[in-house]
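Undergrad: Structural data only, the sequence is not supplied:
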């Protein structure tokens, strides 16, 4: 499974840029400083900065999972999926994604804008730093992508070809296994502290919850609504304070494929839950906690507002205003359920999140318990909850249960 | 748009068979009698019988819709879709489809078993002839196909590739336009007698019905559950009385693609409705009417029984028994809605059915009114009806309304 193509190193990157005409003039390779910063699990990532302050970011896929090595092969074509996702988003919300410079299909290299001076949002959340408005930007991001890649705005013949071209089975399988399957069974990838065993056991004994988790998995696999980001958590968002307020950029859409729109919204809200549980056990300032508590609704409201703004431009008017209401209800119920699935997996399954993992032991147990109970209720009760606005009360109740307040 | 490949005629078919090694030995071409019987709208169909009583059926696609001519181009690759559908069904219910002999990709010719002595089911229904057990066979047909082509029994990586390979956008567009769009708007393809104008106007003014019809269209376009037949009406079923009882064969799966399982069941039941409306206005014998009245439930029960029989063999046990109940509920609600859509289009839209069209005027108006009112209620109330068993009472009520009994 060793790559048959040249693998870049910090030393070879300047020469690679020099011999790639599509990248001419972006940076001065004579003064380029290159660092490999792929702290993600899958790829090589080179950030490059020259003496003029210009930059570029190169991402190269390996034919296996970087974290694990050649024992876990994975198609390097995932970088093509990432280019597809960046390109689709760049067409409608260019202010919310890095600019895509070039896709090298021979070497599985993606060249894009280097987000110099931007921070990963999860790190900022872990520090307790607020970036007001980012939740709304992300809701608008999901709506713009959903509308522009779906039958709402793409001709019915063309959209089906796009869906077929965008299947991303190997990456989707990672989600299917890690998000929807393993947390609910005994699996080697799972791990959690002993104090959580009763919580996890209760979840796995809850037949109603298991049926709903199965149903969400099934929709993930069969509902080809729009080109999703596919992995839209707070580690896939970069943030920055600017003179005009906080801004964000969405990165890493290599899991993109045609799926249910609520999956991206749920991924966001499931990660907000982790941040919120961290904030409450660390006694962050009330204002910060309030900002987090309102973010799910802020995101949903921006999503809904953007969908309603775009709706009159849809191609097919046999989808009436009444249909839009039904559609939004379905997306809301999906969002609630997917938020729960995405949160549960971060506690039980393979890929943990620092929000919860890096807490001191007692706080870790409390935060993880709040997340599991909230997430499981969201999954089980998604139909009766019915709206994102109803999700916060579940968190409040579970936090009170666990913290005894 | 004239074909670039040789178009067969009854005169050239024997030589075609002679020069095609895959067809050697099936018939004696020296004594072959060939008739072109493509009374469908799309293709050439040659039935061939030799002096020994052996037969073969050849179907050739043209690059346009046969009924309309070169002014309505349509991919001849639809014959590849038909081969895919026949092959998939042949793998699990070979007793319910004609044997597939050969697909000639160069000339867009499909060679299959000639169903000698079999009748089109719709013609038999029009005559008032019962074929007991056919409804159950068709329910089992849908379940066997749904299970065997879906994630329930196909590996998750492979199933996505199958879905991508099986997109059938041009044929699906016909369904989208004729079944889901045109009946609900003013469209050149629509036609109906003046007496139906108030019925159609009421339907188009019913915002709840329009939202549900839009939702069913959306699911048709986005719910990639299993390889459907895609056009499963009583003209796609051949029937025969044999020593062991009535038998059926399903033909013409050229509309096959990955869609919602309830669409095939709904197509059947929507066409049962036309037969039932015909039978009641013609005062067919009570026993015959009873047989028709029970057929929707017979079909559903056989579908459900086959799904439950296959369920323990599913690949992924995280889809629990509780999930199966949810899944069956969703399929039932889809079935009710799609039955309504398929019935409405047969009254209002382009492709009518002889069940209703060939009635005398007064009976035509009565039967068509019963169909429209029943179908519209099914669409609008599909969630509250909830089960196929609840559909019959709607027909009874609407028939009583119209016939004043």
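TA: Great, that's in hand. Just so we're clear, the structure is a prediction, and the values are computed from it rather than from any experiment. Numbering: from 1, shown residues only, chains lettered A, B, ... in the order given.
Undergrad: going forward, measure contacts and count neighbours with C-alpha atoms only.
TA: Fine.
Undergrad: Tell me, what's the model's pLDDT at residue A:3?
TA: Predicted confidence (pLDDT) at residue A:3: the value is 78.
Undergrad: Confirm it sits in a helix?
TA: No. If the criterion is DSSP: H, G, I helix; E, B strand; the rest coil, then residue A:3 is coil and not within a helix.
Undergrad: List the residues that contact the closest residue to it other than its chain neighbours.
TA: Leaving aside its sequence neighbours, residue A:3 sits nearest to residue A:63 (Cα to Cα, 6 or more residues apart in numbering or on different chains; 6.2 Å). Applying Cα atoms under 8 Å, 6 or more residues apart in numbering or on different chains, we find residue A:63 in contact with A:1, A:2, A:3, A:70, A:73, A:74, A:75, A:76.
Undergrad: Now render the residues you listed as CSV, adding neighbour count and distance to residue B:380.
TA: Output for these, formatted as CSV (neighbours: other Cα atoms under 10 Å in any protein chain shown; distance: Cα to Cα, whole Å):
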residue, neighbour count, distance to residue B:380
A:1, 12, 55
A:2, 10, 58
A:3, 13, 56
A:70, 15, 54
A:73, 16, 49
A:74, 20, 46
A:75, 15, 46
A:76, 21, 47
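Undergrad: thought residue A:83 was touching residue A:100?
TA: Yes. Shown here, residue A:83 and residue A:100 form a contact pair, counting by Cα atoms under 8 Å, at 7.3 Å.
Undergrad: ok, those two, which is more surrounded?
TA: Per other Cα atoms under 10 Å in any protein chain shown, whichever of residue A:83 and residue A:100 has more neighbours is residue A:83, with 24 against 18.
Undergrad: That one: helix or strand, and which one exactly?
TA: Using DSSP states H and E, the element containing residue A:83 is helix A:78-92.
Undergrad: Next, the angle from the helix or strand following that helix to helix A:78-92.
TA: Per DSSP H and E, helix A:78-92 leads on to strand A:100-104 as the next helix or strand towards the C-terminus. Interaxial angle, strand A:100-104 versus helix A:78-92 (axes from the mean of the first three to the mean of the last three Cα atoms, to 10 degrees): 150 degrees.
Undergrad: What strands line up against strand A:100-104, and which way round?
TA: According to DSSP bridges, strand A:100-104 forms sheet pairs with strand A:109-112 (antiparallel).
Undergrad: which residues sit against the strand it pairs with?
TA: Contacts of strand A:109-112 (Cα under 8 Å, 6+ apart): A:56-61, A:79, A:83, A:98-104.
Undergrad: ok, now stretch A:131-150?
TA: A:88-89, A:92-93, A:96, A:153-154, A:159, A:225-228, A:239-241, A:245-248, A:261, A:264-265, A:291, A:295-296, A:298-307, A:310.
Undergrad: and what of stretch A:22-42?
TA: Stretch A:22-42 is contacted by residues A:9-11, A:13-15, A:17-18, A:44-52, A:54-56, A:61-62, A:64-67, A:101-102 when judged by Cα under 8 Å, 6+ apart.
Undergrad: ok, residue A:400 - contacts?
TA: Residue A:400 neighbours (Cα under 8 Å, 6+ apart): none.
Undergrad: Just read off the phi/psi values of it.
TA: Backbone torsions of residue A:400, given as degrees, to the nearest 10, read phi -60, psi -40.
Undergrad: and if you look at residue A:8?
TA: Per degrees, to the nearest 10, the backbone of residue A:8 is at phi -70, psi 150.
Undergrad: thinking again about what came up before, between the contacts of strand A:109-112, which is closest to chain B?
TA: Chain B lies nearest to residue A:79 out of these, by Cα to the nearest Cα, at 18.2 Å.
Undergrad: Okay, that closest one and residue A:16: tell me how far apart.
TA: In this view, residue A:79 and residue A:16 are 17 Å apart by Cα to Cα, to the nearest Å.
Undergrad: before we move on, what about residue A:119?
TA: 27 Å.
Undergrad: Over to residue A:154?
TA: Distance, residue A:154 to residue A:16, by Cα to Cα: 37 Å.
Undergrad: do the same with residue A:261
TA: If you go by Cα to Cα, the gap between residue A:261 and residue A:16 works out to 38 Å.
Undergrad: for residue A:162, same thing?
TA: For residue A:162, the distance to residue A:16 - Cα to Cα - is 31 Å.
Undergrad: Compare those two and say which is more crowded by neighbours.
TA: Under the criterion of other Cα under 10 Å, the comparison of residue A:162 against residue A:16 puts residue A:162 first, with 18 against 14.
Undergrad: Pass me the low-pLDDT residue ranges in chain A, would you?
TA: Where chain A drops to pLDDT under 70, the residues are A:1, A:39-41, A:405.
Undergrad: Am I right that residue A:46 falls within a helix?
TA: No. The assignment for residue A:46 (three-state DSSP) gives strand, which keeps it out of a helix.
Undergrad: can you tell me which residues contact it?
TA: A:10, A:34, A:35, A:36, A:37, A:38, A:57, A:58, A:59.
Undergrad: mind running it again at 6 Å?
TA: By Cα atoms under 6 Å, 6 or more residues apart in numbering or on different chains, the contact set of residue A:46 is A:35, A:36, A:57, A:58.
Undergrad: so what secondary structure elements neighbour the helix or strand hosting residue A:59?
TA: Secondary structure assignment for residue A:59, by DSSP H and E: strand A:55-60. Strand A:55-60 sits against strand A:44-49, strand A:109-112, with contacts defined as 3 or more Cα pairs under 6 Å, 6 or more residues apart in numbering or on different chains; DSSP states H and E.
Undergrad: quick one, which of the ones you listed is nearest to residue A:193?
TA: Between residue A:193 and the helices and strands packed on strand A:55-60, the shortest gap by Cα to Cα is with strand A:44-49, which sits at 31.4 Å.
Undergrad: so how far is the closest one off the chain centroid?
TA: 21 Å (Cα atoms, centre = their mean, to the nearest Å).
Undergrad: What strands flank it, and is each parallel or antiparallel?
TA: Paired neighbours of strand A:44-49 in the sheet (DSSP bridges): strand A:33-36 (antiparallel), strand A:55-60 (antiparallel).
Undergrad: highest average neighbour count across those strands?
TA: Mean neighbour count (mean count of other Cα atoms under 10 Å in any protein chain shown) peaks for strand A:55-60 among the strands paired with strand A:44-49, with a mean of 23.
Undergrad: Now tell me what touches that strand from outside.
TA: Identification of contacts with strand A:55-60 by Cα under 6 Å, 6+ apart yields A:27, A:44-49, A:108-114.
Undergrad: And for the closest residue to residue A:358 other than its chain neighbours, the neighbour number?
TA: Spatial nearest neighbour of residue A:358, excluding adjacent residues (Cα to Cα, 6+ apart): residue A:364 at 7.6 Å. Residue A:364 has 21 neighbours, counted by other Cα under 10 Å.
Undergrad: Against residue A:258, how distant is residue A:364?
TA: Distance of residue A:364 to residue A:258, computed by Cα to Cα: 35 Å.
Undergrad: which bits of chain A sit near chain B?
TA: Proximity of chain A to chain B, by Cα under 6 Å from any Cα of the partner chain, involves residues A:157, A:164, A:169, A:211, A:214, A:222, A:223, A:224, A:225, A:319, A:322, A:323.
Undergrad: My understanding was that residue A:249 contacts residue A:238; is that so?
TA: Yes. At 5.1 Å, residue A:249 and residue A:238 qualify as touching, with contact defined as Cα atoms under 6 Å.
Undergrad: ok, which stretches of the stretch 251-400 of chain A are helices?
TA: Along the stretch 251-400 of chain A, counting by DSSP state H, counting those that start in this stretch, helices occupy A:262-281, A:286-293, A:295-310, A:321-348, A:354-357, A:361-380, A:382-385, A:391-403.
Undergrad: Could you tell me the angle between the second one and helix A:262-281?
TA: Orientation note: helix A:286-293 sits at an angle of 160 degrees relative to helix A:262-281 (the same axes, to 10 degrees).
Undergrad: Pull out the buried positions in helix A:286-293.
TA: Going by neighbour count (16 or more other Cα atoms under 10 Å in any protein chain shown), the buried part of helix A:286-293 is A:288, A:289, A:291, A:292, A:293.
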